[in-house]
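S.K.: no FASTA, just this:
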């Protein structure tokens with residue numbers, strides 16, 4: 001999960017050197033707080049604070065003059081159980097603000113084993129507020145600091161106010177041991193849905209947190225989200241399918257083009273039950289906009305669902321517009337020919353038998 005990218009192999013010294021040179025080929029940074037701290041860990045205790053402050057200041061100076069980096073991954077994880085080390089909340093916030101201030105930055109990824117430790121939510125929020133051209137934001141974690149709903153809510157409001165943001169991924173709320181489960185934390189994220197420019201949303205490892213999210217999609221009139229991915233546990237598959245059917249049949253959610261259901265254990269989802277497929281088939285029968293429905297990579301899609309997906313890709317939606325012309329109908333027929341089945345053609349002609357008339 002916290003692997004280093006192949007684009008930059010040394011996330012500390014080598015990257016800092018290239019930053020200082022403003023290397024035009026340096027477009028990606030993978031920074032680990034633990035690496036920066038490790039660089040001064042062998043010094044005498046009474047020198048460590050001064051050396052560490054100097055090291056951080058070098059990073060900040062280099063970041064402030066850079067105009068080539070477009071993507072940054074910041075791993076906020078330190079050696080947990082050994083105290084906060086040299087990284088205090090103030091240091092984290094100042095460092096993250098400098099990262100976000102890079103003029104060319106478009107994608108920002110935060111990773112932390114325990115989200116919210118080191119005061120990271122305040123630092124991440126401040127970074128998001130300072131980012132000038134951020135279009136893609138990801139936050140990864142395995143746990144979350146208990147009782148951090150208010151900080152998470154403030155973070156969501158900062159995301160809502162970024163007019164250029166197109167994609168938001170939030171991964172990792174394996175916290176069934178908390179009273180009340182993950183739902184309060186997921187609800188804290190709901191202001192994100194009010195961002196009118198957000199086109200892609202992925203929410204992972206929040207079971208049963210998808211249900212409040214889906215409820216919010218049912219009431220919030222977000223007309224931008226086109227790609228929705230939910231990471232779920234197999235035990236909730238039928239319940240999620242039923243809720244998805246209800247939500248995506250609402251007129252204000254007709255902009256969703258792609259829906260993916262992913263297993264939270266990084267394995268294939270088991271076969272969807274007959275009840276689950278009944279919900280999804282009913283959705284596809286009446287939803288004219290959805291063009292991708294992924295329930296498990298590598299498995300054969302359900303035939304009935306595939307049938308309606310082909311119709312939607314061919315332009316079925318326009319046929320239900322009150323001002324649809326004969327030319328529109330013919331164009332959809334042509335889009336289905338010559339590869340599609342007789343069943344699809346029969347469906348179109350059944351809706352409009354007049355197409356058979358000369």
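M.R.: Yes, it's here. Predicted model, so just to flag it, every value in this text is computed and none were measured. Numbering: from 1, shown residues only.

S.K.: mind listing what's buried in the helix or strand where residue 52 lies?
M.R.: Assessed by DSSP states H and E, residue 52 sits inside helix 45-64. For helix 45-64, the neighbour count (16 or more other CB atoms under 10 Å) marks 48, 52, 55-56, 59, 62-63 as buried. Every residue, glycine included, has its C-beta placed from N, CA and C.

S.K.: which stretches of the stretch 201-350 of the chain form helices?
M.R.: Taking DSSP state H, counting those that start in this stretch as the test, the helices found in the stretch 201-350 of the chain are 210-219, 237-248, 274-286, 303-314, 326-336, 342-351.

S.K.: Adding mean neighbour count, mean pLDDT and distance to residue 101 as columns, could you present those helices in a markdown table?
M.R.: What follows is those, written out as a markdown table (neighbours: other CB atoms under 10 Å; pLDDT from 0 to 100; distance: least, CB to CB, whole Å):
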| stretch | mean neighbour count | mean pLDDT | distance to residue 101 |
| --- | --- | --- | --- |
| helix 210-219 | 19 | 71 | 31 |
| helix 237-248 | 20 | 85 | 38 |
| helix 274-286 | 17 | 88 | 44 |
| helix 303-314 | 18 | 90 | 42 |
| helix 326-336 | 15 | 88 | 47 |
| helix 342-351 | 13 | 85 | 53 |
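
S.K.: Take the ones you listed and lay them out in JSON lines including distance to residue 108.
M.R.: Formatted as JSON lines, the helices of the stretch 201-350 of the chain follow (distance: least, CB to CB, whole Å):
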{"stretch": "helix 210-219", "distance to residue 108": "22"}
{"stretch": "helix 237-248", "distance to residue 108": "29"}
{"stretch": "helix 274-286", "distance to residue 108": "34"}
{"stretch": "helix 303-314", "distance to residue 108": "33"}
{"stretch": "helix 326-336", "distance to residue 108": "39"}
{"stretch": "helix 342-351", "distance to residue 108": "43"}
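
S.K.: Among the ones you listed, which comes closest to residue 144?
M.R.: Smallest distance to residue 144 across the helices of the stretch 201-350 of the chain (CB to CB): 15.8 Å, for helix 210-219.

S.K.: what sits up against that closest one?
M.R.: 183, 186-187, 189-190, 193, 203, 206, 225, 228, 230, 232, 236, 239-240, 243-244, 246-247, 250, 253 (CB atoms under 8 Å, 6 or more residues apart in numbering).

S.K.: between it and helix 237-248, how big is the angle?
M.R.: 10 degrees (axes from the mean of the first three to the mean of the last three CA atoms, to 10 degrees).

S.K.: closest one to residue 123 among the helices of the stretch 201-350 of the chain?
M.R.: Of all the helices of the stretch 201-350 of the chain, it is helix 210-219 that lies closest to residue 123, at 24.9 Å by CB to CB.
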